[in-house]
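Colleague: What follows is a predicted structure for the sequence shown.
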Amino acid sequence: MVRHWLHTLVDDTLMPKQLNLLKSSIDHGLRIGMLSHDCPVCGVAATRACTRCKMVRYCDGEHQKQHWPQHKKSCKPYREAVDEQLGRYLVATQDLKAKQIIFVEDPIVVGPKWYLSKTEKTSIIVPCVACYTPCRLGKHLCRRCRWPVCSANCVHESLECTVLSLGQGPAAKSDTRGLRNYYREDALLVLKCLLLQRQAPERWAALLQMQSHEEERKGTELHQEVEKRIVSYLHRNFLHRLNQVAKHCKERLISEYEPELIHRICGIIETNYMVIELATGVELSGLFRNACMMEHDCQPNCYFQFDNLTHQIAVHAGCDIKKGEHLKITYTNILWGTHMRQHHLGMTKHFNCRCARCLDPTEFGSYVSALRCLGDVNKTCTGIQLPIDPLNEHTQWKCDTCPMVVETAYVTGLQTHMSDDVEKLLAGRPTASQVELLLARLSQMLHPNHFHIFNLKHTLIQLYGYEVGLELASLSDAQLDRKLRLCDELYDICQRLDPHSIKLAIYVTVILIEMAHALEQQANRQSEQTQALVILEKARARLMEAHEVLEKEHDSVAGRKLYMKLQKEVFELDKLMVAQSHDRHTA
Ligand SMILES: C[S@@+](CC[C@H](N)C(=O)[O-])C[C@H]1O[C@@H](n2cnc3c(N)ncnc32)[C@H](O)[C@@H]1O
């Protein structure tokens, strides 16, 4: 769902179920259409881009010169800065308006997904080695390197093809597992990085400037994992033969490829990679010189979109940003509680986040990590238990009402146990009553806004109104009220965590659509037509808000599918409203 830096650790169980239902409609490429390709002076289609920001194009140097006094006010509205704690980061050099494109840039390198899911590792559908179109393993192979391509005519980049052709290929009569053990597309991004030495020395130099955390990574699980998955795989199958080739050809295809360098590249990828989702649903991983410099904050102020064809990134202001403010994105799942986010950032990006949300035990009043206080044997308590020092992983948790204190180990144990219960339940397509049961059980210990509770409630709003027997028209008034109340609660949490819906656009859209559904049903049950129309107006306002929120997700598959759904919903609602007001006038 939501695109960002995360891989397998992003909680898939939080993916709105509705999106799965919508998985089959439109599929077309999306360009970063917000940029004009016309000369701003004469309106003629132009190719000569401003070399500084690359965001405006001119038909000739004369018009570029003429436009400069105007353009210089918005050209490259940010600068790079460095500090000891953050490393390199970006700062706004002028006030920026929400949604404004701050910059567009080409990738340094793009390649297949850096982490494959369990299913992908064994799937016979793989991305074409040349163009990433999904193709069936073994149907077409590149004539030279014998890697899977989508058609016999698809042309594979020649240097990569040469290196891959050094491999022996999978063992004869390999089953799918054997084939997948050989065709490991998740190692190709590293190979593409190595090839930059020869193909694009400037991009190679930019790559090597990126943060790798290579020292901190040594001896960690991630280091061991890439040693097996990438470093030894590439050496064993392809790179070990490069020396022999060099002797024959009297030139080196790649000058440096020793294991330490490959580990460093793996560190660079792990620290910086961004997920690019294509219209086909195929995910790629990319590195960008400037975009990857943006620092992390658990409440970001920027969002980004990708061009499907060129893989360019467009970074937008997610809200109004003042001159001097840092440009910030989020590297983790903002629906997780502070301890989980900290753990994830520490493990993959090697830093402790000290943003305003992480420092606030209530997490902006959202209470997504909070527990209920159970009191002691003598007295029950209605208080809330919160971490005393949220940045300390060993902190105690204290009740805000009574003297009760619990240890972190207890809280972590409880949450892990509950994670398992939630994941297990949601993986099995539960009914609303099964979700309600678990919700009731977890609610005895967790705050009503806790992230596990959020997850269950977000599932519930997509079951009331859809499940057989619980279609909107079949819901009792109480069930309809419950759906609406759950939507309100979820919306409130999203607003606290992400007031501009920068990271939670998909979640918020689903919530707003479900709110609109519940309101439409309430309007249906109104005998008083004027009142019904007022409720329908409210429903329409929710859909319009969803429309606005979803703009940030125009480039994602989920976003485009939801957008189509939304268009239909607005159309249907408008029809209903016209019919209602017609009835009112003729009554
Ligand atoms: C994607 S890179 C960002 C660019 C990096 N600062 C550089 O100099 O190349 C991510 C790394 O930047 C640093 N970083 C980013 N956001 C941070 C934050 N909020 N606090 C501390 N370090 C941060 C961490 O070292 C992290 O692993």
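Modeller: Good, I have the coordinates.

Colleague: for residue 277, phi and psi?
Modeller: For residue 277, the backbone dihedrals (degrees, to the nearest 10) come out as phi -100, psi 120.

Colleague: Bridged to it, which residues?
Modeller: residue 283 (DSSP bridges).

Colleague: Surely residue 479 is within a helix?
Modeller: Yes. Looking at residue 479 with DSSP: H, G, I helix; E, B strand; the rest coil, it is inside a helix.

Colleague: I'd like the distance between the residue lying closest to residue 394 once chain neighbours are set aside and the ligand.
Modeller: The shortest distance from residue 394 to any non-neighbouring residue, by CB to CB, 6 or more residues apart in numbering, is to residue 408 (5.5 Å). (Glycine included, C-beta is placed from N, CA and C.) Note on residue 408: its distance to the ligand, by CB to the nearest ligand atom, to the nearest Å, is 22 Å.

Colleague: ditto for residue 358
Modeller: 9 Å.

Colleague: about what we covered before: return the residues in contact with the residue nearest to residue 394.
Modeller: 339, 387, 393, 394, 395, 396, 397 (CB atoms under 8 Å, 6 or more residues apart in numbering).

Colleague: likewise residue 80?
Modeller: 88, 89, 90, 290, 293 are the contacts of residue 80 under CB under 8 Å, 6+ apart.

Colleague: Please, which helix or strand holds residue 70?
Modeller: helix 61-71 (DSSP states H and E).

Colleague: Residue numbers of the stretch 101-250 of the chain in contact with the ligand?
Modeller: Applying CB under 6 Å from any ligand atom, we find that the stretch 101-250 of the chain lies next to the ligand at 210, 211, 213.

Colleague: And stretch 577-586, what's buried?
Modeller: Under the neighbour-count criterion of 16 or more other CB atoms under 10 Å, stretch 577-586 has 577, 580 buried.

Colleague: What of stretch 71-83?
Modeller: Applying 16+ other CB under 10 Å to stretch 71-83 flags 71, 76, 77, 78 as buried.

Colleague: neighbours of the residue nearest to the third one when sequence neighbours are not counted, just the number please.
Modeller: Closest residue to residue 77 in three dimensions, ignoring its sequence neighbours and counting by CB to CB, 6+ apart: residue 94, at 4.8 Å. Here the neighbour count serves as a burial measure; for residue 94 (other CB atoms under 10 Å) it reads 14.

Colleague: same thing with residue 171?
Modeller: Neighbours of residue 171 (other CB under 10 Å): 11.

Colleague: Where does it sit, in terms of helix or strand?
Modeller: Per DSSP H and E, there is no helix or strand for residue 171.

Colleague: and the two most separated of the contacts of residue 80?
Modeller: Spanning the widest gap among these are 89 and 290, at 10.6 Å by CB to CB.

Colleague: For residue 183, see how far away the nearest residue to residue 176 once chain neighbours are set aside is.
Modeller: Spatial nearest neighbour of residue 176, chain neighbours left out: residue 124 (5.4 Å); criterion: CB to CB, 6+ apart. Residue 124 sits 10 Å away from residue 183, taking CB to CB, to the nearest Å as the criterion.

Colleague: Between those two, which contacts overlap?
Modeller: With CB under 8 Å, 6+ apart as the test, residue 124 and residue 183 both reach residue 137.

Colleague: Domain boundaries for this protein, per the record?
Modeller: Following automatic domain parsing, one gets these domains for the chain: 17-108+287-338, 113-286, 356-368+389-397+406-586.

Colleague: Need those domains in CSV (columns: mean pLDDT).
Modeller: Below are the domains of the chain laid out as CSV (pLDDT from 0 to 100):
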stretch, mean pLDDT
domain 17-108+287-338, 86
domain 113-286, 94
domain 356-368+389-397+406-586, 95
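
Colleague: Save these as a markdown table, and put in distance to residue 350 too.
Modeller: Listed next are the domains of the chain as a markdown table, based on distance: least, CB to CB, whole Å:
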| stretch | distance to residue 350 |
| --- | --- |
| domain 17-108+287-338 | 11 |
| domain 113-286 | 4 |
| domain 356-368+389-397+406-586 | 15 |
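
Colleague: The single nearest residue of the chain relative to the ligand bridge partners, please.
Modeller: The ligand sits closest to residue 87 of the chain, with a gap of 2.8 Å, by CB to the nearest ligand atom. On the basis of DSSP bridges, residue 87 is bridged to residue 83.

Colleague: And for the one 5 residues further on?
Modeller: Beta-bridge partners for residue 92, by DSSP bridges, are residue 78.

Colleague: which ones are touching it?
Modeller: 77, 78, 102, 321, 322, 323, 324, 325, 326, 327.

Colleague: again, only this time at 7 Å
Modeller: Listed by CB atoms under 7 Å, 6 or more residues apart in numbering, the contact set of residue 92 reads 77, 78, 321, 322, 323, 324, 325, 327.

Colleague: Helices of the stretch 451-587 of the chain, residue ranges please.
Modeller: Using DSSP state H, counting those that start in this stretch, the helices of the stretch 451-587 of the chain run over 451-460, 477-497, 505-524, 529-550, 557-586.

Colleague: How many residues are close by residue 199?
Modeller: A count of nearby residues for residue 199, using other CB under 10 Å, gives 16.

Colleague: Among the buried residues of stretch 71-83, which ones lie close to the ligand?
Modeller: Counting by CB under 6 Å from any ligand atom, no member of those reaches the ligand.

Colleague: What lies in contact with stretch 247-264?
Modeller: 159, 162-163, 190, 194-195, 197-198, 212, 214, 223, 226, 230-231, 234-235, 239, 242, 245-246.

Colleague: Quick check: buried residues in it?
Modeller: In stretch 247-264, counting by 16+ other CB under 10 Å, buried: 253, 254, 257, 261, 262, 263, 264.

Colleague: Please apply the same query to stretch 336-354.
Modeller: Buried positions in stretch 336-354, judged by neighbour count with 16+ other CB under 10 Å: 336-342, 344-345, 348-351, 353.

Colleague: Stretch 433-450 now?
Modeller: Buried residues in stretch 433-450 (16+ other CB under 10 Å): 435, 436, 438, 439, 442, 445, 446, 447, 449, 450.

Colleague: next one: stretch 107-127
Modeller: Quick answer for stretch 107-127 (16+ other CB under 10 Å): 107-116, 120, 126-127.

Colleague: Pull up the distance across it, start to finish.
Modeller: 19 Å (CA to CA, to the nearest Å).

Colleague: again with stretch 306-324
Modeller: End-to-end distance for stretch 306-324, by CA to CA: 26 Å.

Colleague: And for stretch 96-103?
Modeller: End to end - CA to CA - stretch 96-103 spans 12 Å.

Colleague: chain center to that stretch: distance?
Modeller: Centroid separation for stretch 96-103 versus its chain: 20 Å, with CA atoms, centre = their mean, to the nearest Å.
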